[in-house]
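J.: Sequence plus predicted model, see below.
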Amino acid sequence: MKTIDYTSVLCLIIAMTVGSVGKAQEKFFRAIGTPHEPKVEVSWNRYNTYDGVVDIMEKIAEAYPKLARLESIGKSYEDRSIYMLTISDFNTGNPDEKPAMYIDGNIHSNEIQGTEFSLYTAWYLTEMFGDLEFINQLLKDKTFYIVPTINPDARDNYMKEPNTPHSPRSGMLVLDTDGDGEAGEDGFDDLNGDNHITYMIRKSPTGRFIKDPQDQRRLIRVAAEEQGEYEMLGFEGIDKDGDGEVNEDGIGYYDPNRDWGWKWQPDHVQRGAYKYPFSLPESRAVADFVMKHPNIAGAQSYHNYGGMILRGPGAEEDVDTYNKEDVRIYDAIAKKGEEMIPGYRYLTVYKDLYSVFGGELDWFYGGRGIYTYTNELMVSYLYFHKNEGRANQEEELKVDKYLTFGDAFIDWKEYKHPQYGSIEVGGFKKNFSRAHPGFLLEQDAHRNMAFTIYHAYQTPKLSITNVEENNLGNGLKEVTATLYNERLMPTHSGQDLKFKIERPDLVSITNADVVAGMIVEDDDFNKVKEQVHSPETIKVPNIPGMETVKVRWIISGGRNYKINVDSAKGGKASWSK
Amino acid sequence: MKKIITVLVVLAIQSLAFSQNDYPDTEQYTKRLEALNKDSKVNLSSITKTEGGHDIYVLKIGTGNLDNKPAFAVLGGVEGYHLLSVELALQFAERLVKDESSALEKTTFYIFPNLSPEAYSQYHNQLKYERRGNTASLDHDRDGTSNEDPYEDLNKDGVITQMRVESPLGKYTSHPHDSRVMIHVDTSSQSTKRYLLYSEGIDNDKDGKFNEDLEEGVAFNKSLTYNFPAFEPFAGDFAVSQKESRALLDYLFKQWNIYAFITFGPANNLSSPLKYNAKEAKKRLVSSPLEGDVAINKMVSELYNSTISQKPYLQENRGTDGDLFQWVYFHFGRLSFSTPGWWVPEAKKDSTATSETKIKETKVSNFLKWAEQENLDNVFVNWEKIDLPDFKNQRVEVGGVRPFVMDNPPFNKVDSIAIEHTDFILKLAKQQPQLEFHNLKVENLKGGLKRVTVDLLNSANLPTHSDLGERSRWLKKIRIEIDTPKDDILAGNKIELVKKMKSLESISLSWIVKANGKVTIKAGAPHTGFTELNLNL
């Protein structure tokens, strides 16, 4: 009986194993670059509501407890948890002590795909761990802090409520945008009830537009001396408060990306700023987290759109903050990014985009010394491999004709407006133009992730490459340790050094009686800088990228001494005799 | 009987309040605030508790529809060492409620008696020194360790003064007229004795600097957003990082009716007004008051000088980075006035001094001379030798001006200062914007239509919005609204928003309406007050 039992269980196991292997062999063949048979199945050709985002995050954390940790870093204005996934190899040291890369998305609520790109990164890293030596080593060395959405409230509003491609952009706080003493009294109205805010047009003898006879979707301007047929009335809406204006006071308006604590300016200088730096709960949650995690050495924030890899400064007045040495690092990483993500260009916010005080990337760099990029996701290049610029109507109409087959456009339909009378409503849907169509999402997510992996890879990596002893007689020894930073980034950016944002790197010797300690500035000619107080722990201001620093002690005795390096952004390394 | 006892207790507390002979400690001023709170016109609340457990109080004083009357904010304790400021704010509140409550008919007051309670309390601690920071831990010198190099009371006299070390390397020497006073050595100096000068304490962390990382945290008056001095001592890593600064701003941003601020603090634009700098005013990051606002400052300064008996002398602080005074104007868009309330007056010229010596009076030598003329004792700790291992074989002495005495007058002078400043604030409040309707005319047109015309006037000496305030979303526009349904208005706007009305500016309004019976026209904003016109058509 017993034998049979065992045999049958064994048979069952074999059958199941063979069965599943057989099934995989039959149905799937591995594609290079993508996790094969992932534990967590996710479709990367659609968008996720807040609940969907949390669901994927929970599944990743559950499937990979040794690689992923889920936590909430704070609550949003409407009390949603702002979730973060910490991704690292938890078997190889405390993730909060490894050099780290911080990634977030969706700060502007309508710029949704940054969330999916962030999620893809967490998913890819956990699913590929064990498969690729590069990823194994990466997660052994580094930590990724990933917050897919830092604007969860308005993300859901964007998806679930009627919006344009550009709204809400802010979070769900409602301010008095037109200064009339009432807040949010006259927002959009979804006249045709399709959950999209599109355009209103009206037939008028003085209108300057006609519908293109070859393409009824398109309105074209008539020549100066010609009579037109239609006038444009703007986005769908009704004047609800009777002040003669339509859609002048809806959700917000403020800009969560004007709320950050480097050279912050008020709304009358920088439109969109709220009350003071981190006066919004979402940016405060991020700031609190970053302040407690000095190991963050690189950061990425995802926006849309236009195909840009942006660095600061946001404002011309802040040009001097970005010093030459740091710009050299920024350039090196971002130029590699341009190669990895075709169609994306490396640009500087204040001169290539527009002026921003109080932006996230400026606080990360200016206020914390962290090398940070903002990527403007989605670019015309992805459609037909031509760069036609942002919101090119010609191109977008062509896309919807040949690639999306009418999914993106709502045809003009008549509607009876209480104030304008007979009008027509129609136009592009909110989830077109700024958001990737599904079939372009996964590729761009992968390429942008590859860029952040390169960025993370270039955070400092320290090792003690050489320790030399020199006998001085009288029982004294000179011990010289060479520290090497194997990556592009220094342990302290130039901005960090200027303001002493992070503590110095600490290089210490234990199990030795230290007589004197010093930093060797020039080994060939014995130029040294002595540290009189506590010489057993030498404070090294910085270990530059791809360079070495030498530290020397004169010790007495010490047969089994040990040398440790402890750097906030460079991690730890040790050497023992 | 119960009532009588209550009255007696109140009287006792009040007389206690006015009869004290030193600046109040936290418990004492809290009692005075609670006594005030018994009045129905007063609402005392705590907007937060600081990290160190102190309440940040606000008194909201007013009557009737107090959120829709123009309001003045009066603030004390923006610097913890400035004891006078707390007493001035308190006494203003007390005098307002007791003797001047008629002012509340038109104006609401917000009084924040102490914004730096932790720094302030150092005056009443066993070890007394002029403190700015709260109890947050802070790495002032940014060496990776927080608060590791505080003062030490080396001569055990209970106060922190200075420390001088005789040294050929010193950069200080004695003032020729008063050897107690240390002045900078210059190349013309004949004196051979030179000193190194430090604050009183040892170099705890052996970094060669003395008392550079004090046992205190962020200074409120260096922590706000205008020109925030990131990473400097007392400032913190980013602006408005502390519970008290956040709570204050969160509170202020909800009080739409505040028209102007009077800060008792180190900055001064009252005994002499700020000047206009066209280049700085035109920058995107505005750094000079705008032209119209400088004119207001001039007018208010004249009012101040005609009310306050003390003459201006050496008041150089026109605002410092991260302070409240400049934040109020440049970032909050409100009129901002600030005065220390008292300053060391110019001492009478010494009749025996020879006019040949061209040695300038320093702030300290002037102070000591003035103190002597006033017969104030206990303002200077005489230099006395101590032993300090940091300076082996060198002569080290501890001494100097006692803390607090140069920023705070002897307490017996405070009442008269408070009376004058109360008077000033109430005079200023009378200049607040005042909207009035004039020249109402109703014309009957054919078919029951009516044309209503009326003028709206700001009858005050101050505009409804400062030039800078006009740019701010945190000041409401003047909203003029007629309550006739939109469809019954044939001409004219149902709602009209006006950005600003200057002093004595009027605007003409006109509507054609199809209406009978009661019609109300209302105009105003919380910070200008509202005016209403009720018609019966």
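T.: Nice, thanks for sending it over.

J.: Tell me the secondary structure of the residue of the stretch 51-200 of chain B at minimum distance from chain A, please.
T.: Nearest to chain A in the stretch 51-200 of chain B, going by C-beta to the nearest C-beta, is B:G144, at a distance of 3.0 Å. All C-beta spots, glycine's among them, are computed from the backbone N, C-alpha and C. Under the three-state scheme (DSSP: H, G, I helix; E, B strand; the rest coil), B:G144 adopts coil.

J.: Buried ones in stretch B:401-412, by neighbour count?
T.: Across stretch B:401-412, burial judged by 16 or more other C-beta atoms under 10 Å in any protein chain shown covers B:V401, B:R402, B:P403, B:F404, B:V405, B:M406, B:D407, B:N408, B:P409.

J.: Quick check: of the residues you listed, which lies closest to A:M172?
T.: Using C-beta to C-beta, B:D407 comes nearest to A:M172 of the buried residues of stretch B:401-412, at 46.4 Å.

J.: Hmm, that closest one is touching B:H82, no?
T.: Yes. In this structure B:D407 lies within contact range of B:H82 using C-beta atoms under 8 Å: 5.6 Å.

J.: For stretch B:108-119, give the mean pLDDT please.
T.: Stretch B:108-119 shows a mean pLDDT of 98.

J.: Return it as CSV; C-alpha atoms alone will do.
T.: Written as CSV, here are the backbone C-alpha positions of stretch B:108-119 (Å, rounded to 0.1, in the frame of the first residue of the first chain):
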residue,chain,number,x,y,z
THR,B,108,-10.2,91.8,13.1
PHE,B,109,-6.8,91.0,14.7
TYR,B,110,-4.7,87.9,14.7
ILE,B,111,-2.0,88.0,17.3
PHE,B,112,0.8,85.4,17.4
PRO,B,113,2.6,86.3,20.7
ASN,B,114,5.5,83.9,20.3
LEU,B,115,6.7,82.0,17.3
SER,B,116,10.0,80.8,18.9
PRO,B,117,8.9,79.5,22.3
GLU,B,118,11.8,77.2,22.7
ALA,B,119,14.5,79.8,21.9
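
J.: what's near enough to touch the nearest residue to A:W363 once chain neighbours are set aside?
T.: Distances taken as C-beta to C-beta, 6 or more residues apart in numbering or on different chains place A:W260 nearest to A:W363, at 3.6 Å, with adjacent residues excluded. When contacts are counted by C-beta atoms under 8 Å, 6 or more residues apart in numbering or on different chains, A:W260 touches A:P277, A:F278, A:S283, A:A287, A:G358, A:G359, A:E360, A:D362, A:W363, A:G367.

J.: Give me the subset of those residues lying in strands.
T.: Among the contacts of A:W260, DSSP state E puts none in strands.

J.: any idea where the helices of chain B begin and end?
T.: For chain B, the helices defined by DSSP state H cover B:2-19, B:26-36, B:83-99, B:117-120, B:243-252, B:278-282, B:291-307, B:324-326, B:363-373, B:414-429.

J.: Could you dump those helices into JSON lines and include distance to B:K222 and mean neighbour count?
T.: Below are these laid out as JSON lines (distance: least, C-beta to C-beta, whole Å; neighbours: other C-beta atoms under 10 Å in any protein chain shown):
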{"stretch": "helix B:2-19", "distance to B:K222": "31", "mean neighbour count": "11"}
{"stretch": "helix B:26-36", "distance to B:K222": "22", "mean neighbour count": "18"}
{"stretch": "helix B:83-99", "distance to B:K222": "16", "mean neighbour count": "23"}
{"stretch": "helix B:117-120", "distance to B:K222": "11", "mean neighbour count": "26"}
{"stretch": "helix B:243-252", "distance to B:K222": "10", "mean neighbour count": "20"}
{"stretch": "helix B:278-282", "distance to B:K222": "21", "mean neighbour count": "11"}
{"stretch": "helix B:291-307", "distance to B:K222": "23", "mean neighbour count": "18"}
{"stretch": "helix B:324-326", "distance to B:K222": "10", "mean neighbour count": "26"}
{"stretch": "helix B:363-373", "distance to B:K222": "21", "mean neighbour count": "18"}
{"stretch": "helix B:414-429", "distance to B:K222": "24", "mean neighbour count": "19"}
